[in-house]
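Student: Sequence and predicted structure below; questions after.
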Amino acid sequence: MTPNGGPEPRLPRVVRPYVLTGGRTRTPGPIRPLDATVLTTASADTRPVPDTPEMTRILELGTAPTAIAELAGQLTLPVGVVRVLVGDLDAIGAVTVTPPTPRTTSSSSRGSSMASAPFSRPGRPPVAPVTMKVVVAGGFAVGKTTFVGSISEIEPLRTEAEMTVESLGIDHAGHVAGAKRGTTVAMDFGRITIDQDMVLYLFGTPGQDRFWFLWDELVRGAVGAVVLVDTRRLQDCFAAVDYFEHLDVPFVVAVNLFDGVATHHPREVRDALSVPANVPVVLCDARRRTHVQETLVLLVEAALRRVSGAA
């Protein structure tokens, strides 16, 4: 903690991250999803775990079910490095890695409740909760990082890089260009505990076209998506709308209220985007937790109706 009570600033690493894995970028077997849940086993103390601060910290955090993306945020390490470290721990039986809950089996009326609660009941050992992934997408500088940070109960994992003169003429931030200092180059990640057995993971996509190759993994297994819209640059969200329609992923269009002002009625936005009547279009100030919460509740309820109707 700093003298004024704030968090310590994160200092740059002296050692290159992949030194921690011996230069390896993956472990044998399938690639573990970003929202896979890691849980330390009861026998971890008896396993030959490498005595490194990173391994020790993973085991500490894993005493409660924790997603790989969240571990990366807590350790301030690239997700790829954490995947390798978790794979090593899994191989020696020090942790178990639970894949995310399939989208078709996540239906529950609990999905509309956003109250926080512990993962496990008193007297019960920790178990991997049912997880639901929601993707927050949209154009560049539309407010995705702000949206995730407004609602996450943990410090969000952010992968921001400072914008330099090299981005001039390439990245167009529109009316927020003067205040835009950094840009997401991989993803944002946040978490919301819905109840003692269910957790919502939020994944924010990068907005620039050159990072679209990351979307497939971020969206895989998602129960739904929020497409954030800036009505001053409406065309920037067309690709996201087309993407989720093509994959048949339920989504909500959220018109971000920059400066807290609504310049267009949701009906006008719906007409401009040509989205069907079953796609909710709402006004949302990404800076306000209550607005974000209401948007997510609307999305989860719509996704659960879709799942229930297909059952």
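Tutor: Perfect, thanks for sending it.
Student: how about the strands of the protein, start to end?
Tutor: Here the chain has its strands, by DSSP state E, at 37-40, 66-67, 95-98, 130-138, 157-162, 182-195, 198-204, 224-229, 251-256, 281-284.
Student: Least confident of those strands, on average?
Tutor: With a mean of 63, strand 157-162 has the lowest mean pLDDT of the strands of the chain.
Student: Using JSON lines, lay out the strands of the chain together with mean neighbour count.
Tutor: Where C-beta positions appear, they are placed from N, C-alpha and C, glycine not excepted. Below are these laid out as JSON lines (neighbours: other CB atoms under 10 Å):
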{"stretch": "strand 37-40", "mean neighbour count": "23"}
{"stretch": "strand 66-67", "mean neighbour count": "25"}
{"stretch": "strand 95-98", "mean neighbour count": "18"}
{"stretch": "strand 130-138", "mean neighbour count": "26"}
{"stretch": "strand 157-162", "mean neighbour count": "16"}
{"stretch": "strand 182-195", "mean neighbour count": "21"}
{"stretch": "strand 198-204", "mean neighbour count": "25"}
{"stretch": "strand 224-229", "mean neighbour count": "27"}
{"stretch": "strand 251-256", "mean neighbour count": "25"}
{"stretch": "strand 281-284", "mean neighbour count": "20"}
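Student: so who does the residue nearest the centre of the chain touch?
Tutor: With distances taken as CA atoms, centre = their mean, F203 lies nearest the centre of the chain, 2.0 Å away. Residues in contact with F203 (CB atoms under 8 Å, 6 or more residues apart in numbering) are L34, D35, A69, K133, V134, V135, V136, M187, D188, F189, L218, A222.
Student: Swap in 6 Å and give it another go.
Tutor: V135, M187, F189, L218 (CB atoms under 6 Å, 6 or more residues apart in numbering).
Student: and it, bridged to which residues?
Tutor: V135, F189 (DSSP bridges).
Student: and what of V38?
Tutor: For V38, the beta-bridge partners are T66, V97 (DSSP bridges).
Student: Report the buried residues of stretch 85-92.
Tutor: Neighbour-count burial for stretch 85-92, counted by 16 or more other CB atoms under 10 Å, picks out L85, V86, G87, D88, L89, D90.
Student: okay, it in CSV with CA atoms only?
Tutor: Output in CSV follows, covering the C-alpha atoms of stretch 85-92 (Å, rounded to 0.1, in the frame of the first residue of the first chain):
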residue,chain,number,x,y,z
LEU,A,85,2.6,-23.0,-15.4
VAL,A,86,-0.9,-24.3,-14.7
GLY,A,87,-0.2,-27.2,-17.2
ASP,A,88,2.9,-28.1,-15.3
LEU,A,89,1.0,-28.1,-11.9
ASP,A,90,-1.8,-30.1,-13.5
ALA,A,91,0.7,-32.7,-14.8
ILE,A,92,2.0,-33.4,-11.3
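Student: now the residue nearest to the centre of the chain: how far from T231?
Tutor: Separation of F203 from T231 (CB to CB, to the nearest Å): 24 Å.
Student: Over to V97?
Tutor: Look at V97 and T231: by CB to CB, they are 42 Å apart.
Student: all helices for the stretch 151-300 of the chain, in order.
Tutor: In the stretch 151-300 of the chain, the helices defined using DSSP state H, counting those that start in this stretch lie at 215-219, 238-247, 266-273, 289-310.
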